[in-house]
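*Asks:* attaching a predicted model along with its sequence, questions to come.
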Amino acid sequence: MTQLTDTEIVTRIRSVLGRTLGDAVDHLAQDADLAQALGERYDSLTAMECITAIEGEFDIEVDFVAHDVRHWFATVARMARFVGDRLEDRALLRSER
Amino acid sequence: MTSTDEEFATSGTCGESVVWTRTRDQLFSEVTLLAEVLGPVDRVVNYAPTTHLYGRLLGDLLPAHLNVPVRHLWDTPWQVPDRTPGERVLLVCLPSTWLMLRSLAGDLGGVIAVHSTGPVTPATRQTLTRLAGSGFRAVEILGSTETGAVAHRTLSPRPARASVWTLFPDVDLVTDLVTDPVSPTEQPLRVRGPRNARLAGQDRPAEPVSLEDLVRPVGKRQFELLGRATRLIKINGRRLRLDDVEHEVRVRFPGVDLVCLPRRDEVRAEHYELFYADDTGLVTGQDVQAALAKAFQGVPVPRRVVRVAAVPRSATGKVRIDRLLAAARGAVENAL
């Protein structure tokens, strides 16, 4: 599988978040704190929904013990970096096999 | 209501609230029964809001009854419970909690998760499978604000009799609806018990109480849970009748044909999707979503709103769900 570019990852993350949070996500800066920007619309259960949706979109799994979920899922930019790192790890593992 | 009574609101349909009163004795009795089913506990980690009966019982009253510490984490459902080796920790779970629990590892002997408030999700089963052999235990409680805890069952990755529930000892299943005792038929879950709540303003509890579930009795003290008897779903503890949603959309957008389908949901356990046909082409999914958000405040809007060319129906007018889902593939799906 071809490695996704950072821009592609961000676009797909915005699309995934948009299904849950609506088009407000389109206008958010990448480094905007979702909880602050969206208020109650990004409550703790919605955050869990977004985590699940992003896992499904990129076929990755969040490790709630090892990963600081509160940090990595606070902004679109951090989510993109998190997803990019997981995809990179996966590609590396596959290349070593 | 006396000073020791407690009130719990169930969200009725269309947003109206129904208040149920429980005496302190009823709550104490329930906590005692729950403690017996769950076994020894050194500490409680609670992921359920204590404003609802489930969270109040297991997150507040049970720790007080057992005189053990409790940590409330319902605002941070992603936070993994801390634990010292050998400690018997009770995890009071919501459906979303199971996503996080799959990340636990190692020796989990003594850890017990209690699940209620909605049907078991695929994440629950995935977690149970991953943690098999770790000592992790899980118990599911079936109940309602009106009745309190009605029945319980042990959750395991490959249960021998997954759907069989055991009644709590003070609850009786009303089986007079069963017409053939040799071959019991389906019936509503209808129970009698001393913990039934009183409707606000009434002196005594309703007796018996019928819940929105279909069951098949197994002997006198057990039953199989067959599913919801009606199109009532519960999202985030808020009840919603899908018939009411459809009615609201029809009133708001005359000429629109639609159907709502209940859906299992990883995070909220239950959810629903809405499929509609609009010959005028003027009604967007966002319009529908906005109308429902206004009509059913505090209840999540449909997980998906999908516009289809037509809602397929049989000759008798019954929705052909198979054809509907086929038509929905590639149809206009409005971002929610």
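*Replies:* Good, I have the coordinates.

*Asks:* from here on, contacts and neighbour counts on C-alpha atoms
*Replies:* Fine.

*Asks:* mind checking the SS state of residue A:84?
*Replies:* Remark: residue A:84 carries the secondary structure label helix [criterion: DSSP: H, G, I helix; E, B strand; the rest coil].

*Asks:* how about it, what does it touch?
*Replies:* A:4, A:6, A:9 (CA atoms under 8 Å, 6 or more residues apart in numbering or on different chains).

*Asks:* which of these are buried?
*Replies:* In the contacts of residue A:84, burial by neighbour count holds for residue A:9, counting by 16 or more other CA atoms under 10 Å in any protein chain shown.

*Asks:* in helices, which of the contacts of residue A:84 fall?
*Replies:* Among those, the members falling in helices are A:6, A:9 (criterion: DSSP state H).

*Asks:* make CSV out of the contacts of residue A:84 and add pLDDT and distance to chain B.
*Replies:* As requested, the contacts of residue A:84 are arranged in CSV below (pLDDT from 0 to 100; distance: CA to the nearest CA, whole Å):
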residue, pLDDT, distance to chain B
A:4, 85, 23
A:6, 89, 23
A:9, 95, 19
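
*Asks:* name the helix or strand for the residue in the stretch 101-250 of chain B positioned nearest to chain A, please.
*Replies:* Distance from chain A to each residue of the stretch 101-250 of chain B (CA to the nearest CA) is smallest for residue B:103, at 5.5 Å. Residue B:103 is part of no helix or strand, with elements assigned from DSSP states H and E.

*Asks:* distance check, it against residue A:62.
*Replies:* Using CA to CA, to the nearest Å, one obtains 8 Å as the distance from residue B:103 to residue A:62.

*Asks:* which of these two has more neighbours?
*Replies:* A side-by-side neighbour count of residue B:103 and residue A:62, using other CA atoms under 10 Å in any protein chain shown, places residue A:62 first with 20 against 17.

*Asks:* isn't the more buried one up against residue A:54?
*Replies:* No: using CA atoms under 8 Å, residue A:62 makes no contact with residue A:54, being 9.4 Å away.

*Asks:* any idea how far residue B:208 is from the residue lying closest to residue B:147 once chain neighbours are set aside?
*Replies:* The shortest distance from residue B:147 to any non-neighbouring residue, by CA to CA, 6 or more residues apart in numbering or on different chains, is to residue B:196 (4.3 Å). Between residue B:196 and residue B:208 the distance is 8 Å, computed by CA to CA.

*Asks:* so which of these two has more stuff around it?
*Replies:* More crowded of residue B:196 and residue B:208, by other CA under 10 Å: residue B:196, with 27 against 15.

*Asks:* wait, that one touches residue B:210, no?
*Replies:* No: using CA under 8 Å, residue B:196 is not in contact with residue B:210, being 11.0 Å away.

*Asks:* how about CSV for the contacts of residue A:84, with distance to residue B:23 added?
*Replies:* Putting the contacts of residue A:84 into CSV (distance: CA to CA, whole Å) gives the following:
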residue, distance to residue B:23
A:4, 59
A:6, 58
A:9, 54
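
*Asks:* so which residue is smack in the middle of the chain?
*Replies:* Picked chain A for this. residue A:79 (3.5 Å; CA atoms, centre = their mean).

*Asks:* let me rephrase: I mean chain B.
*Replies:* For chain B, by CA atoms, centre = their mean, the most central residue is residue B:118; offset 2.2 Å.

*Asks:* spatially nearest residue to it (excluding sequence neighbours)?
*Replies:* According to CA to CA, 6+ apart, the nearest residue to residue B:118 is residue B:269 (5.8 Å).

*Asks:* repeat that for residue B:278.
*Replies:* Excluding the flanking residues, the one nearest residue B:278 by CA to CA, 6+ apart is residue B:256, at 5.0 Å.

*Asks:* equivalent analysis for residue B:232, please.
*Replies:* residue B:241 (4.5 Å).

*Asks:* also residue A:10?
*Replies:* The shortest distance from residue A:10 to any non-neighbouring residue, by CA to CA, 6+ apart, is to residue A:80 (5.7 Å).

*Asks:* and the one you found, helix, strand or coil?
*Replies:* With three-state DSSP as the basis, the three-state label of residue A:80 is helix.

*Asks:* residue B:195 touches residue B:33, doesn't it?
*Replies:* No: using CA under 8 Å, residue B:195 is not in contact with residue B:33; the gap is 11.2 Å.

*Asks:* the two: which is more packed in?
*Replies:* When residue B:195 and residue B:33 are compared for neighbours, residue B:195 comes out ahead with 22 against 15, by other CA under 10 Å.

*Asks:* next up, phi/psi of the closest residue to the more buried one other than its chain neighbours, please.
*Replies:* Taking CA to CA, 6+ apart as the measure, residue B:195 lies nearest to residue B:26, with 5.2 Å between them; neighbours along the chain are not counted. Here the main-chain torsion angles of residue B:26 (degrees, to the nearest 10) amount to phi -60, psi -40.

*Asks:* which pLDDT value goes with residue B:26?
*Replies:* If you check residue B:26, the pLDDT there is 94.

*Asks:* burial count for it?
*Replies:* For residue B:26, the count of nearby residues is 18 (other CA under 10 Å).
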